[in-house]
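> the amino acid sequence is not available; the structure is as follows:
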């Protein structure tokens, strides 16, 4: 199976889909795969261009149409990176059901819908890599971020469960749980929260998107990623140590 994939890469690279790939961590990951010689399609709620398809990952029909278009452009989808996300801030006592549902629908249900679109194809071709972007808050929680932490904990559990289902078909599913990263997603969080968080970090700083992207390339690589099954890797500035 490794030989089959090497032949595919030698001709025109793997087909890679990155959701949320127009900014932040997703954009850095898309760039890293392009630099690796892969063919990349970005699925995002905004943006235009030959490599961009509009999608609302929380909507089943939107996801289905977007992946059909991505498949038509790429031929096959060999690697999926679920990076689309939403981050808002509120104490649980004041959180509305609408805020809770919106976060869960994008950050967790969106991952489920996108995984479901590709996993059958990957199992049939006996090769695939799925990489879900979680968060270190899935492990430790976060003040004012209970909805986000709950969604990301769900992503970690989904990753492990799906990995168990499909590893026998050489489809490897893993997640990345970054710490705070300097992205537009984090820009909307209060400055007080960011100051307090920086003070907790052994490195004393937030990460940059390009410091996370190589982890995704590793997980999708051969032979480097071949033994990662249901794992969560943590480029998190020391916020969580395992």
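Noted; the coordinates are in hand. It should be emphasised that the depicted structure is a prediction, and the values quoted were computed from it without experimental measurement. Residues are numbered from 1 along each chain as shown.
> switch to C-alpha atoms for all contacts and neighbour counts from now on
OK.
> so residue 130 sits against residue 81, correct?
Yes - using C-alpha atoms under 8 Å, residue 130 is in contact with residue 81, at 6.0 Å.
> can you give the strand pairings for the helix or strand residue 130 falls within, parallel or anti for each?
Using DSSP states H and E, residue 130 sits in strand 128-133. Neighbouring strands of strand 128-133 in its sheet, by DSSP bridges, are strand 79-82 (parallel), strand 171-176 (parallel).
> JSON lines for those strands, including mean pLDDT?
Formatted as JSON lines, the strands paired with strand 128-133 follow (pLDDT from 0 to 100):
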{"stretch": "strand 79-82", "mean pLDDT": "98"}
{"stretch": "strand 171-176", "mean pLDDT": "98"}
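> tell me how far residue 62 lies from residue 56.
Distance of residue 62 to residue 56, computed by C-alpha to C-alpha, to the nearest Å: 6 Å.
> sorry, slip of the keys, the one I care about is residue 160.
24 Å.
> count of neighbours near residue 203?
Using other C-alpha atoms under 10 Å, residue 203 is surrounded by 13 other residues.
> contacting residues around the residue nearest to it when sequence neighbours are not counted?
Spatial nearest neighbour of residue 203, chain neighbours left out: residue 237 (5.4 Å); criterion: C-alpha to C-alpha, 6 or more residues apart in numbering. Contacts of residue 237 were listed using C-alpha atoms under 8 Å, 6 or more residues apart in numbering, and they are 179, 201-207.
> of these, select the buried ones using a PyMOL command.
Listed next is the PyMOL selection for buried residues among the contacts of residue 237, using 16 or more other C-alpha atoms under 10 Å:
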select buried, resi 179+201+205+206+207
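> thinking again about what came up before, residue 62 and residue 56: which has the busier surroundings?
residue 56 (19 against 14).
> run through the strands of the chain in chain order.
Under the criterion DSSP state E, the chain contains strands at 15-19, 39-44, 52-54, 79-82, 128-133, 171-176, 232-233.
> wait, residue 166 sits on residue 160?
No - using C-alpha under 8 Å, residue 166 makes no contact with residue 160, being 10.4 Å away.
> just name the shakiest helix or strand of the chain by mean pLDDT.
The weakest-scoring helix or strand in the chain, judged by mean pLDDT, DSSP states H and E, is helix 2-12 (a mean of 42).
> point out where this protein drops to low pLDDT.
Within the chain, the stretches with pLDDT under 70 are 1-12.
> quick one, what contacts the nearest residue to residue 33 once chain neighbours are set aside?
Excluding its sequence neighbours, the residue lying closest to residue 33 (C-alpha to C-alpha, 6+ apart) is residue 217, at 6.6 Å. Applying C-alpha under 8 Å, 6+ apart to residue 217 gives the contacts 29, 32-33.
> cool, and residue 170?
123, 126-128.
> most surrounded residue in those?
Busiest of the contacts of residue 170 [other C-alpha under 10 Å] is residue 128, holding 26 neighbours.
> pretty sure that residue is touching residue 81, no?
No - taking contacts as C-alpha under 8 Å, residue 128 lies outside contact range of residue 81: 11.2 Å.
> run the chain-centre distance for the helix ranked longest in the chain.
In the chain, assigned by DSSP state H, the helix with the most residues is helix 146-166. Relative to its chain's centre, helix 146-166 lies at 11 Å (C-alpha atoms, centre = their mean, to the nearest Å).
> and it, what does it pack against?
helix 97-104, helix 110-125, strand 128-133, helix 137-140, strand 171-176 (3 or more C-alpha pairs under 8 Å, 6 or more residues apart in numbering; DSSP states H and E).
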